[in-house]
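> All I have is the shape, not the residue letters:
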Ligand code: EPU
């Protein structure tokens, strides 16, 4: 298939699309610092909306100007070295969180999961313990049905607060959505918040489950080095980490991108890795595992940006 190249958006086009924004607007902004893997190029323009009205304006402006719009969560993603054309939006300033009553919590998309867990613990609310050690945001977690073997977003999600592609705010009930392993099928649009149904529990119980699980993750995963979480999804009935280790690939590296020696389904950035090195390493691992075991591993990460 031949894809028609869209012309690169010009600065006046971008400016027009970003009128009325109260939040931060940064031109030619390097994106690596916004990602947990710390690789990748710059955005033509990065917008950090200060409220949901700003998100509505950005969506409408981008749509009117036919400008590509990318939402960057930052923890389960690789940004390519040439960066991202058009508007990149980070929801990191959307950080409101409150309890609506009856153990129902509303949280905006930019709230980080560790903060949500602290909030829940402070109110003796259980349901988010599975997320211990996941550095991502609520928005990213909802969009990909983030989870661990203890549970997943689907278990607590009551409804999603969305801005549609037409720039309208909409509440979408979780009962109308389909959830899969690391995937939520959502109407097209941007997740700006979520209602989570938690349950009352003893503070000590929440704390001990969280502590044990954090300890497990700290001992099995390279959490102190830049990484983007699990590289591949687990194939049914097996584990990507086991397969990669059995293929003898722990420690394999291209430049500063390395298959973690601690957990084989992590790629870590030893300091100055590029996206190109990371993605070459992903290809190499996939080829070797396919050759040795006949299993085609599927990427859990999202790869975005100009090729
Ligand atoms: N294993 C190996 N070698 C390795 C790594 C793992 O043999 O280098 C084996 C382990 O011994 C174990 C099995 O593989 O028998 C599973 O490993 P682990 O318990 O570490 O869990 P995982 O399946 O690799 C999943 C999630 C993680 C989550 C952990 C713990 C996926 C793709 N990953 O990992 O989620 O933290 O369980 O709940 O489902 C993420 O999605 O980004 C993520 C970090």
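Received the coordinates, thanks. Please read these numbers as outputs of a predicted model, since none were measured by experiment. Residues are numbered from 1 along each chain as shown.

> Surely residue 60 touches residue 168?
No - counting by CB atoms under 8 Å, residue 60 does not reach residue 168; the two are 9.4 Å apart. Glycine gets a C-beta too; all of them are placed from N, C-alpha and C.

> So which of these two has more stuff around it?
A count of neighbours by other CB atoms under 10 Å puts residue 60 above the other of residue 60 and residue 168, at 17 against 12.

> Under a three-state scheme, what state does the more buried one occupy?
When classified by DSSP: H, G, I helix; E, B strand; the rest coil, residue 60 comes out as helix.

> swap in residue 241?
Judged by three-state DSSP, the three-state class of residue 241 is helix.

> how about it, what does it touch?
Contact analysis of residue 241 by CB atoms under 8 Å, 6 or more residues apart in numbering lists 230, 263-265.

> Return the members of these classed as buried.
Those of the contacts of residue 241 that meet the buried threshold are 230, 263-265, by 16 or more other CB atoms under 10 Å.

> For residue 192, give me its contacts.
For residue 192, the contacting residues are 52, 55, 91, 94, 108-109, 139, 161-163, 169, by CB under 8 Å, 6+ apart.

> Nearest to residue 297, out of those residues: which one, please.
residue 139 (26.3 Å; CB to CB).

> Wait, a helix at that closest one?
Yes - applying three-state DSSP, one finds residue 139 inside a helix.

> And for it, the neighbour number?
Residue 139, neighbours per other CB under 10 Å, totals 25.

> thinking it is in contact with residue 110, fair?
Yes - under the criterion of CB under 8 Å, residue 139 makes contact with residue 110 at 6.6 Å.

> Mutual contacts of the two, please.
The contact sets of residue 139 and residue 110 overlap at 91, 94 (CB under 8 Å, 6+ apart).

> what does this protein have sitting close to the ligand?
Residues of the chain lying close to the ligand by CB under 6 Å from any ligand atom are 148-149, 217, 220, 229-230, 233-234, 239, 241-242, 245, 263-265, 300.

> Among those residues, which pair sits farthest apart?
The largest separation in the residues of the chain next to the ligand, counting by CB to CB, is between 148 and 245 at 19.3 Å.

> hmm, which helix or strand of this structure has the shakiest average pLDDT?
strand 147-148 (a mean of 93; mean pLDDT, DSSP states H and E).

> Please consider this matter closed, and thank you.
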